[in-house]
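In: Please find the sequence and the predicted model below.
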Amino acid sequence: TQLLEQSPQFLSIQEGENLTVYCNSSSVFSSLQWYRQEPGEGPVLLVTVVTGGEVKKLKRLTFQFGDARKDSSLHITAAQPGDTGLYLCAALDNYGQNFVFGPGTRLSVLP
Amino acid sequence: DSGVTQTPKHLITATGQRVTLRCSPRSGDLSVYWYQQSLDQGLQFLIQYYNGEERAKGNILERFSAQQFPDLHSELNLSSLELGDSALYFCASSVGLAGSQETQYFGPGTRLLVL
């Protein structure tokens, strides 16, 4: 069974600070997705990374897929209160049939 | 707004009861996924349907069942409810089958509280 680990579990920072959260596994993935979930809502897809070493940018968010496709990171520059939420990584299971989600990093950006 | 609708938004019931959660996918999406999210277990995949047929099963209990109807809406039935079934239940939809490039769109969820 694939297991996705995310760190840190909780993160509370001040507006304007930079941060990085991580998603790790012992398994190799064909792709990995990052979601953000705000309180009372469902997760929203931010990005899908497919190629080892791939870097994708979404405004102040930078996503990187590890060279070995076992890990990924999400870096946020100059965090804003609107970035507050639960950040989840997800990957297809070994059968390619459904997505396995990590436990998430709960980010709080204080004004 | 993802385009996926779920009803009801909140549900309070007692142990031993049965409830039905409903999901309408985005227009044009053929796949529907059900997830359970609890504080201690995170977001857990339950089951997937594609164009009316069951395609993948995850950690779904035998007390739970689902179906997808010809109009593509889906229902998740939870029976003999236990306190531990209290959770957020999400439905998601996508155009095709789960794949590396497939985007899942999540509904707002149904919050179930079993007393």
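Out: Looks like it arrived, so ask away. Numbers count the residues shown, from 1 in each chain, chains lettered A, B, ... in the order given.
In: my guess is residue B:50 meets residue B:97, correct?
Out: Yes. Counting by C-beta atoms under 8 Å, residue B:50 does reach residue B:97; the two are 5.7 Å apart. Heads up, the C-betas are built off the backbone N, CA and C, glycines and all.
In: what's the overlap in contacts for the two?
Out: By C-beta atoms under 8 Å, 6 or more residues apart in numbering or on different chains, residue B:50 and residue B:97 have these common neighbours: residue B:31.
In: between the two, which one's more packed in?
Out: Between residue B:50 and residue B:97, residue B:50 has the larger neighbour count (other C-beta atoms under 10 Å in any protein chain shown), namely 19 against 16.
In: Now the more buried one. Nearest residue, chain neighbours left out?
Out: residue B:31 (4.8 Å; C-beta to C-beta, 6 or more residues apart in numbering or on different chains).
In: Identify the residue of chain A closest to chain B, quick one.
Out: As assessed by C-beta to the nearest C-beta, chain B sits closest to residue A:42 within chain A, at 3.0 Å.
In: How many neighbouring residues does residue 92 have?
Out: Let's take chain A. 20.
In: actually it's chain B I care about, not the one you picked
Out: Using other C-beta under 10 Å: residue B:92 sits among 27 other residues.
In: Going by neighbour count, list what's buried in stretch A:95-108.
Out: Using 16 or more other C-beta atoms under 10 Å in any protein chain shown as the burial criterion, the residues of stretch A:95-108 that qualify are A:97-107.
In: wait, doesn't residue A:9 sit right on residue A:107?
Out: No. Checked against C-beta under 8 Å, the pair residue A:9 and residue A:107 is beyond contact range at 10.6 Å.
In: Other residues contacting the worst-scoring helix or strand of chain A on mean pLDDT?
Out: When the helices and strands of chain A are scored by mean pLDDT, DSSP states H and E, strand A:99-101 comes last with a mean of 87. For strand A:99-101, the external contacting residues (C-beta under 8 Å, 6+ apart) are A:2-4, A:33, A:35, A:88-93, B:33, B:35, B:42-45, B:98, B:104.
In: State the next helix or strand along the chain beyond that strand.
Out: strand A:105-110 (DSSP states H and E).
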